[in-house]
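> sequence plus predicted model, see below.
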Amino acid sequence: MWLPMLGMTALPHLGGFYGGYITRKEVKNWYPTLQKPSWRPPNAAFPVVWTCLYTGMGYGSYLVWKELGGFTEDAVVPLGLYGLQLALNWTWTPIFFGAHKLKWALIEIMLLTGTVGATMASWYSISRTATLLMAPYLSWLCLATALNYCIWRDNPEEKEE
């Protein structure tokens, strides 16, 4: 059973690596040009935080998978919501850092945050431990949503003609 645990714990990191690839150049060139609130976390915090969050959510998904006996009919909703939130998570970085679409990134992260809440609600009766492993992630997303909002508000996008 250690192979599924390792695989499911590692899975979220795949999108993190891709996001890091996109972010690396933009953090040096584009991101410094934006107006940001004084309370934003330092850039160095993001890779550390995301490593912890991806590991926690991945292991939580393994606990749910194990408790439900694998990819069974009972697992469709809880693991389907997990997969949806993971896809939304991986999509935010290309929208914000890749396309520089602050408003669309804000809309996307609000959908992501709601989906994480729904995932947690669907996991609660299956594994409280898995649900608690998602709590720091939901908290971080609340901070990230507020940060995305402030950046969008304080950096009007140029209208395309």
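That came in fine, so what should we check first?
> low-confidence regions, this structure specifically.
Under the criterion pLDDT under 70, the flagged ranges of the chain are 159-161.
> in it, which spans are helices?
2-28, 45-67, 76-93, 102-124, 128-154 (DSSP state H).
> turn these into CSV, including mean neighbour count and distance to residue 38.
To be clear about C-beta, it is placed using only N, CA and C from the backbone, and glycine gets the same treatment. Conversion of the helices of the chain to CSV gives the following (neighbours: other CB atoms under 10 Å; distance: least, CB to CB, whole Å):
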stretch, mean neighbour count, distance to residue 38
helix 2-28, 14, 18
helix 45-67, 18, 15
helix 76-93, 19, 23
helix 102-124, 19, 18
helix 128-154, 17, 10
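> for residue 36, which of the ones you listed is the nearest?
Residue 36 lies closest to helix 128-154 among those, at 6.0 Å (CB to CB).
> give me the angle between that closest one and helix 2-28.
10 degrees (axes from the mean of the first three to the mean of the last three CA atoms, to 10 degrees).
> could you say what helices and strands helix 128-154 packs with?
Other helices and strands packing on helix 128-154, by 3 or more CB pairs under 8 Å, 6 or more residues apart in numbering; DSSP states H and E, are helix 45-67, helix 102-124.
> would a markdown table of those helices with distance to residue 22 be doable?
Shown next, in a markdown table, are the helices and strands packed on helix 128-154 (distance: least, CB to CB, whole Å):
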| stretch | distance to residue 22 |
| --- | --- |
| helix 45-67 | 13 |
| helix 102-124 | 12 |
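> from the chain's centre, how far out does stretch 69-86 sit?
Chain-centre distance of stretch 69-86: 17 Å, with CA atoms, centre = their mean, to the nearest Å.
> any idea how far the most centrally placed residue in the chain lies from residue 65?
For the chain, the residue nearest the mean C-alpha position is residue 89 (3.7 Å; CA atoms, centre = their mean). Note on residue 89: its distance to residue 65, by CB to CB, to the nearest Å, is 18 Å.
> one more: residue 153?
Residue 153 is 40 Å from residue 65, by CB to CB.
> before we move on, what about residue 42?
35 Å.
> do the same with residue 53
From residue 53 to residue 65 the distance is 19 Å (CB to CB).
> kindly report the same for residue 152.
Distance, residue 152 to residue 65, using CB to CB: 36 Å.
> cool, residue 48 as well?
Relative to residue 65, and taking CB to CB, residue 48 is found at 26 Å.
> likewise for residue 34?
39 Å.
> repeat that for residue 30.
Per CB to CB, residue 30 is found 38 Å from residue 65.
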